[in-house]
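**Q** model this:
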Amino acid sequence: MKAASLSEIKKELSNRSPSDLKEMCLAMAKFKKENKELLTYLLYEKDDEASYIEVVKEEIETQFDEMNKKTPYFIKKSTRKVLRNTKKYIRYSKIKTTEADLLIHFCKVLQENNPRLKYDTVMLNIHNRQIELIRKAVKALHSDLQFDYESEIEGLEEQLK
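**A** Below you'll find the predicted structure:
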């Protein structure tokens, strides 16, 4: 089965009744966990972005605390999983300040939980890629916010030296 394009789906959705749309949303939520998480964000958390950010930050910390730290392999694998989840939550929001806040928090927690970060090339590359993504997100913000975030980014980089 070939999937319809987004524009075709948009046209078809505009022709449907609200009850049909409700049934489709519920069917999507039952189909995949990510769909359910996205609907939860859109329905309950979109209006209060600050609390959403705090909840995700707590989840990042929890995931790092529960991480298997027996070998470097498991640390790297778990860190990638935490990063994957963080990016998923960033995709739900699509707000650049949320992206910057969550990635900065990820980098801070990564530095706290991995004291040998500057000696581990793979982990350092993960960290540095996130710094670049933060910079990219910050460029789209107002100049006052850019200044605040730049100072946080510099603080992250200072801790690695």
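**Q** avg pLDDT for the lengthiest helix in the chain?
**A** Determined from DSSP state H, the single longest helix within the chain is helix 72-93. On average, the pLDDT along helix 72-93 is 94.
**Q** one more: stretch 107-125?
**A** Computed over stretch 107-125, the average pLDDT equals 88.
**Q** let's number from 129 now, not from 1
**A** From this message on, residue numbering opens at 129, which makes the last subject stretch 235-253.
**Q** now do it: everything it contacts.
**A** 188-189, 192, 195, 197, 200, 203-204, 207, 254-255, 258-259, 262, 284, 287-288 (C-beta atoms under 8 Å, 6 or more residues apart in numbering). Every residue, glycine included, has its C-beta placed from N, CA and C.
**Q** quick check on those: which are buried?
**A** Neighbour-count burial (16 or more other C-beta atoms under 10 Å) applied to the contacts of stretch 235-253 gives 188-189, 192, 195, 203, 207, 254-255, 258-259, 262, 284.
**Q** output those residues in JSON lines; the columns should cover distance to Leu273.
**A** Formatted as JSON lines, the buried ones among the contacts of stretch 235-253 follow (distance: C-beta to C-beta, whole Å):
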{"residue": "Ile188", "distance to Leu273": "21"}
{"residue": "Glu189", "distance to Leu273": "24"}
{"residue": "Phe192", "distance to Leu273": "27"}
{"residue": "Met195", "distance to Leu273": "31"}
{"residue": "Ile203", "distance to Leu273": "33"}
{"residue": "Thr207", "distance to Leu273": "28"}
{"residue": "Ile254", "distance to Leu273": "25"}
{"residue": "His255", "distance to Leu273": "22"}
{"residue": "Gln258", "distance to Leu273": "18"}
{"residue": "Ile259", "distance to Leu273": "17"}
{"residue": "Ile262", "distance to Leu273": "12"}
{"residue": "Leu284", "distance to Leu273": "17"}
